[in-house]
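Asks: Mind looking at a prediction? Sequence and model below.
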Protein chains: 2
Amino acid sequence: MRNDPQRLRFEIDARDGRARAGVVHTAHGPIETPAFIPLATKGSVRGLESAEVAELGYELILGNTYHLFVSPGPERIAAAGGLHGFMSWERALITDSGGFQVFSLAHGGVANEVKGSGRSGDHGSQVEIGEEGARFRSPRDGAELFISPEVSMSVQAALGSDIALVFDECTPFHADREYTARSTERTHRWLGRCLAWHGEHGPERQAVFGIVQGGTHEDLRRESAQAVSEAGVDGLAIGGTLGRDKEEMAAVLAMTAPLLPAEAPKHLLGIGEVDDLLGGIALGLDVFDCAVPTRLSRHGVALAPSPETRWRLDMRKGRWVGNREPLVDGCPCSTCRRHDRDYVSYLSRAEELTAVRLIVVHNLTYMRELTAHARRAIGEGRFDAYRAAVLAGAAPWAA
Amino acid sequence: MRNDPQRLRFEIDARDGRARAGVVHTAHGPIETPAFIPLATKGSVRGLESAEVAELGYELILGNTYHLFVSPGPERIAAAGGLHGFMSWERALITDSGGFQVFSLAHGGVANEVKGSGRSGDHGSQVEIGEEGARFRSPRDGAELFISPEVSMSVQAALGSDIALVFDECTPFHADREYTARSTERTHRWLGRCLAWHGEHGPERQAVFGIVQGGTHEDLRRESAQAVSEAGVDGLAIGGTLGRDKEEMAAVLAMTAPLLPAEAPKHLLGIGEVDDLLGGIALGLDVFDCAVPTRLSRHGVALAPSPETRWRLDMRKGRWVGNREPLVDGCPCSTCRRHDRDYVSYLSRAEELTAVRLIVVHNLTYMRELTAHARRAIGEGRFDAYRAAVLAGAAPWAA
């Protein structure tokens, strides 16, 4: 770990058990934690303008290095003043390394497997992984592209994010122990190369988070946590597979989280369902990115205090006809203040664009409320009660 | 014409040649004219919440009776407090009669033909038109539906619009004089039936506009204008084909507009391109609905002061790469204040949802600026100069 307030300063304001409320100070302002991080995958958050995302209360969003590398490319974004300038986002930005997407091509949909489907695809031919990096074909025009620790860091330098993530191999659930062990070691060598490149060429105020791999194996996670902690990173992220199902994920996280340095900001990659996020907070993790809340909006699904349906309310169901309630009673979002389920459901079934907007505004408000109230509960020493209430079906603002 | 301020009051504040600046007072507030009317075809304006449409300065939007009749149906909307309640729109609403869409099915795409393609389709089998009304199959589930003057008015009563349009047959360009003459006469009989139904069952504060048909034939337009004016309507709309191209349209409008009573509010149906709209204003027409400004946004096309490209800027073209200008210099919309062509173009090509939003906000702002500045120019007695400047390529706010 390094401690360079020019890049990043993490201040822990309150602790409650292992949960903590903090502030990450970046070159583009503070981020109150715990925080959910909306995805701006290709340079925009699903249907929203940047200014609207800020109005929803978000201080940090995530841009995808892989997608932005493929199109429009780092040169064009650099010419616009980095991703901040390109998308007119004035607050903090984190970028992933591109590894996750590239290795999804190789391993056949890691994205699903991380959540436990465990099925292997046969996409290996699309990606060639070697010590140097990964070679793959552009999904856009078939051109051969190459990504390596150095390329990833240089792209992230061009994007100018406040926090860059090191280039790692995201091992899938179906990888065996031996593959995972070798991959994790390579990830550590790549970590060294990332930091070497960044030390020489990286933007002065860009922080770098290392990624702890090791799959579901305690010894590998321990080694990885140690290797990453000892490197000169500004924070840590937990990556790779967390197991086959939610129970295994909880166990892997419970085992991994305590291995990380207490004072470092900690990012749980790709996890953001309500119960998982609260579980992560309880373990002392600070920031959480996830595609689910924004992706659901495209499919007409609103977040709601409904543990029995994994906090999902499918607005495309016919049963909402004539329902005069808001998506969630008491929700402060503009959708819930102005519209009822009857209307949102009709628009969703009619596949009207406005439905996506109404739901994404709600879902992002819901996630913001969830973390903001978690933060308050931590400050007041009642996080366990808050978590229990939410898990039992209370709305975040009522728990 | 009837004059019932309980339903509708039209006040002409200023005249400049035949152009006029007025205010239409409805049960849901005033509409400053000339006005462009955005389409809320299926109960929402392309990707925008109702509150946002009001924030963009619009006082009147148009709901499509045909679409809302097919789904979700008038009962569901009535149960929500009418279309105002259903979509939480607090300002004025106009509904068309459903005739245009039904007869498009019959005549093979009137929508295109009105603008002059003149090709006939072979969709007659889908719709059976008789004296009583039109029978057609629901595009949703194939169920047989029937629409007549009485059905149209009862649906519009359920929708609770401030202005209902009478049920007419929208004759296409390829119809011959004889068909058009017979159809126009039937439209007049239907007008009588509409007003009879409305007189007995219509909402007290709902105004009714009659539709002048007659195709491109002066004598038929004259007869129709007279028939509609003599009926007890609150305003008039010009419908049906206006010819094969923009020149013929201008001639048909120049011939038809003076046939309408001077003091009545006048609606030009389905026309809203920049030059056509200014032409309509010059002829004393007051309100204009059109799908183009909202539809273009789905295709990545922004409105701009560019007469040579019909005021269209195709943001999907590669030439915008690196362009740091806003869509239109000086445009007061949030898109132009915050984003450049480089970014909007990238999002459009990437088919990101946010592109549609950024462009629809711009396009609707552009149309509002066009009519707001036309209104001001009329008040200042310089509408001809304003129109000439816009036609020569000036932005509305600079003309």
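Replies: Arrived safely, thanks for sending.
Asks: Can you give me the end-to-end span of stretch A:312-329?
Replies: For stretch A:312-329, the first-to-last residue distance is 14 Å (CA to CA, to the nearest Å).
Asks: Looking only at it, what residues are buried by neighbour count?
Replies: Within stretch A:312-329, the residues that count as buried by 16 or more other CB atoms under 10 Å in any protein chain shown are A:Arg312, A:Leu313, A:Met315, A:Arg316, A:Trp320, A:Pro326, A:Leu327, A:Val328. Placement of C-beta: from N, CA and C, glycine included.
Asks: Regarding the third one, what are the backbone dihedral angles?
Replies: This means A:Met315. phi -70, psi -10 (degrees, to the nearest 10).
Asks: That one against A:Tyr343, yeah?
Replies: No: using CB atoms under 8 Å, A:Met315 is not in contact with A:Tyr343; the gap is 9.8 Å.
Asks: Could you dump the buried residues of stretch A:312-329 into CSV and include distance to A:Thr241?
Replies: As requested, the buried residues of stretch A:312-329 are exported to CSV (distance: CB to CB, whole Å):
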residue, distance to A:Thr241
A:Arg312, 23
A:Leu313, 29
A:Met315, 32
A:Arg316, 31
A:Trp320, 37
A:Pro326, 38
A:Leu327, 33
A:Val328, 32
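Asks: Can you classify A:Phe232 by secondary structure?
Replies: No Phe there; residue A:232 is Gly. Here A:Gly232 is recorded as coil under DSSP: H, G, I helix; E, B strand; the rest coil.
Asks: That one: neighbouring residues, count only.
Replies: Around A:Gly232 there are 15 other residues, counting by other CB atoms under 10 Å in any protein chain shown.
Asks: excluding its backbone neighbours, what's nearest it?
Replies: A:Arg2 (4.3 Å; CB to CB, 6 or more residues apart in numbering or on different chains).
Asks: Determine the three-state secondary structure at that neighbour.
Replies: coil.
Asks: Pull the contacting residues for it.
Replies: By CB atoms under 8 Å, 6 or more residues apart in numbering or on different chains, A:Arg2 lies in contact with A:Gly232, A:Val233, A:Asp234.
Asks: Close to chain B: what parts of chain A are there?
Replies: A:42-51, A:71-72, A:76, A:79-80, A:86-88, A:321-322, A:324, A:334-335, A:338-340, A:342-343, A:346-347, A:350, A:352-358 (CB under 8 Å from any CB of the partner chain).
Asks: Whichever of these end up buried, select them in ChimeraX.
Replies: This is the ChimeraX syntax for the buried subset of these, where burial follows 16+ other CB under 10 Å:
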select /A:42,43,44,45,46,47,48,49,50,71,72,76,79,80,86,87,88,334,335,339,340,342,343,346,347,350,352,353,354,355,356,357,358
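Asks: wait, A:Lys266 sits on A:Ala237?
Replies: Yes: counting by CB under 8 Å, A:Lys266 touches A:Ala237, with 7.3 Å between them.
Asks: ranges for the strands of the stretch 101-250 of chain A?
Replies: Assigned by DSSP state E, counting those that start in this stretch, the strands in the stretch 101-250 of chain A fall at A:127-129, A:134-137, A:144-147, A:163-165, A:207-212, A:235-238.
Asks: quick one: low-confidence ranges for the stretch 101-250 of chain A?
Replies: Within the stretch 101-250 of chain A, the segments meeting pLDDT under 70 span A:108-125.
Asks: Would you mind measuring from the residue of it found nearest chain B to A:Leu68?
Replies: Across the stretch 101-250 of chain A, the shortest distance to chain B (CB to the nearest CB) belongs to A:Arg140, at 9.6 Å. With the distance defined as CB to CB, to the nearest Å, A:Arg140 ends up 12 Å from A:Leu68.
Asks: and what of A:Arg205?
Replies: 20 Å.
Asks: So between the two, which is more surrounded?
Replies: Using other CB under 10 Å as the criterion, A:Arg205 and A:Leu68 rank with A:Leu68 on top: 26 against 14.
Asks: wait, is the more buried one part of a helix?
Replies: Yes: remark: A:Leu68 belongs to a helix, assigned using three-state DSSP.
Asks: does A:His67 really touch A:Thr41, like I thought?
Replies: Yes: applying CB under 8 Å as the test, A:His67 and A:Thr41 come out as touching, 5.6 Å apart.
Asks: Tell me the predicted confidence for the residue nearest the centre of chain A.
Replies: Central residue of chain A (CA atoms, centre = their mean): A:Asp289, 1.8 Å from the mean position. Per-residue pLDDT puts A:Asp289 at 98.
Asks: how about the nearest residue to it, chain neighbours excluded?
Replies: A:Ile37 (3.9 Å).
Asks: any idea how far whichever helix in chain A runs longest is from the chain center?
Replies: Secondary structure of chain A per DSSP state H: the longest helix is helix A:353-379. Computed by CA atoms, centre = their mean, to the nearest Å, the chain-centroid distance of helix A:353-379 equals 15 Å.
Asks: So A:Met367 sits against A:Leu278, correct?
Replies: No: using CB under 8 Å, A:Met367 is not in contact with A:Leu278, being 11.6 Å away.
Asks: Tell me which of the two has more neighbours.
Replies: A direct count of neighbours by other CB under 10 Å for A:Met367 and A:Leu278 places A:Met367 higher, at 27 against 23.
Asks: Just the helices from the stretch 251-399 of chain A, written as ranges.
Replies: A:274-282, A:292-298, A:334-338, A:341-349, A:353-379, A:383-391 (DSSP state H, counting those that start in this stretch).
Asks: Report the separation between the two terminal residues of stretch A:295-303.
Replies: 11 Å.
Asks: Next: stretch A:231-241.
Replies: Stretch A:231-241 end-to-end distance (CA to CA) = 22 Å.
Asks: and that stretch, which residues are buried?
Replies: Those would be A:Ala231, A:Val233, A:Asp234, A:Gly235, A:Leu236, A:Ala237, A:Ile238, A:Gly239, A:Gly240, A:Thr241, for stretch A:231-241 by 16+ other CB under 10 Å.
Asks: Would you check which pair of those residues lies furthest apart?
Replies: A:Asp234 and A:Thr241 (24.8 Å; CB to CB).
Asks: Identify the bridge partners of A:Glu128.
Replies: A:Glu128 has these beta-bridge partners by DSSP bridges: A:Arg135.
Asks: Tell me how far A:Gly381 lies from A:Arg7.
Replies: Counting by CB to CB - A:Gly381 and A:Arg7 are separated by 31 Å.
Asks: Apologies, that question was intended for A:Gly318.
Replies: A:Gly318 is 53 Å from A:Arg7, by CB to CB.
Asks: burial of A:Glu308, as a residue count?
Replies: What A:Glu308 shows, counting by other CB under 10 Å, is a neighbour count of 7.
Asks: likewise A:Lys266?
Replies: 26.
Asks: give the contact list for it.
Replies: Applying CB under 8 Å, 6+ apart, the residues near A:Lys266 are A:Gly235, A:Leu236, A:Ala237, A:Ile238, A:Ala257, A:Leu260, A:Gly284, A:Leu285, A:Asp286, A:Val287.
Asks: Quick check: A:Ser97 touching A:Leu165?
Replies: Yes: with contact defined as CB under 8 Å, A:Ser97 and A:Leu165 form a contacting pair (4.6 Å).
Asks: which residues do the two both contact?
Replies: A:Gln156, A:Ile211.
Asks: Next one: the residue in chain A sticking out farthest from the centre from B:Glu49, what distance?
Replies: The outermost residue of chain A relative to its centre, with distances by CA atoms, centre = their mean, is A:Gly322 at 36.4 Å. In this structure, A:Gly322 and B:Glu49 are 21 Å apart, going by CB to CB.
Asks: try A:Ile12
Replies: A:Ile12 is 39 Å from B:Glu49, by CB to CB.
Asks: got the contact list for A:Pro5?
Replies: Contacts of A:Pro5 by CB under 8 Å, 6+ apart are A:His25.
Asks: Just the pLDDT for it.
Replies: Reading off the model, A:Pro5 has pLDDT 90.
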